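1. Below: sequence and its predicted model.
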Amino acid sequence: MNRFEINISKDALSQMPVITYPAAISLIDSAAEAHAALRALLKEKIVGFDTETRPSFRKGCVHKVALMQISTMERCFLFRLNKIGICAQLKDFLENPDITKIGLSVHDDFSVLRRSGDIDPKGFIDLQSYVKDFGITDISLQKIYAIVFGERISKTQRLTNWEADELTPAQQAYAALDAWACLKLYLHLRDGRFDSLASPFRHEANAS
């Protein structure tokens, strides 16, 4: 039986328009703000999730997670963990199996998060695994988003300092977009709005 794969070349990706983050952002850098944000997030059934860690350019030098992004379709909450840490309420949220969190390569996030404390995340769906059911073989968020929506996520802020005293508007928008995009992708795929057979990036694969 013939099979197909869906993937995109770097050249095709580079020709796509860059998406601008379209929703609201709440920057959380105090315990009171974290508690208020989590009260709002506890009302959600599904959220997008991502983290940012200060890049290390020296061998053997590792950092804790600096920023955690939790997003609805209308707003992304940016928790500055380097300033406020992981409070008990945030830990409970991450361990709550009744709230679905959509991320990408979430086990990598978990490994870094555990540098900040004993956390047992539950309720997570990893897009890298989820998209395989739709024939998508690319595993980066940038490429998956391009395949599904025909737009490119800019990565220019990825290696900036996430522990800076102030995060720039560009950093905030970049961080928020990644978590928001994870949620948007999952909902689009889950609801059957992606036609894999009609994808321009569909390629025939050899039968196994």
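-> Arrived safely.
2. Only C-alpha atoms from now on, for both contacts and neighbour counts.
-> Will do.
3. Could you pull up the residues touching Pro97?
-> By Cα atoms under 8 Å, 6 or more residues apart in numbering, the contact set of Pro97 is Lys122, Gly123, Phe124.
4. Of these, which is the most crowded?
-> For these, counting by other Cα atoms under 10 Å, the largest number of neighbours falls to Phe124: 23 neighbours.
5. Report the helix of the protein that spans the greatest number of residues.
-> helix 169-190 (DSSP state H).
6. can you pull the buried residues of stretch 94-110?
-> Neighbour-count burial for stretch 94-110 flags Leu94, Glu95, Asn96, Ile99, Thr100, Lys101, Ile102, Gly103, Leu104, Ser105, Val106, Asp109 (criterion: 16 or more other Cα atoms under 10 Å).
7. per-residue confidence averaged over it?
-> Mean per-residue pLDDT for stretch 94-110: 93.
8. Of the contacts of Pro97, just say which sits nearest to Gly192.
-> Nearest to Gly192 among these is Phe124, at 20.3 Å by Cα to Cα.
9. so where is this protein shaky, pLDDT-wise?
-> 1-2, 56-62, 206-208 (pLDDT under 70).
10. Please enumerate the strands of it.
-> 3-6, 24-28, 46-53, 65-71, 75-80, 100-103, 124-126, 202-205 (DSSP state E).
11. which strands and helices sit next to the longest helix of the chain?
-> Contact here means 3 or more Cα pairs under 8 Å, 6 or more residues apart in numbering; DSSP states H and E; on that basis helix 169-190 packs against strand 24-28, strand 46-53, strand 65-71, strand 75-80, strand 100-103, helix 141-149.
12. which stretch among these comes nearest Gln15?
-> helix 141-149 (10.4 Å).
13. How about residues contacting that closest one?
-> Under the criterion Cα under 8 Å, 6+ apart, residues 6-8, 13, 16, 104, 136, 138, 151-154, 178, 181-182, 185, 194, 199, 201 lie in contact with helix 141-149.
14. Return a PyMOL selection command for the buried portion of those.
-> Selection of buried members from the contacts of helix 141-149 for PyMOL, criterion 16+ other Cα under 10 Å:
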select buried, resi 6+7+8+13+104+136+138+151+152+153+154+178+181+182+185+194+201
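15. still on that earlier bit, kindly reformat the contacts of Pro97 as CSV containing distance to Lys132.
-> Shown next, in CSV, are the contacts of Pro97 (distance: Cα to Cα, whole Å):
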residue, distance to Lys132
Lys122, 21
Gly123, 19
Phe124, 16
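16. Tell me the one of those nearest Leu27?
-> For the contacts of Pro97, the nearest to Leu27 is Phe124 (22.9 Å; Cα to Cα).
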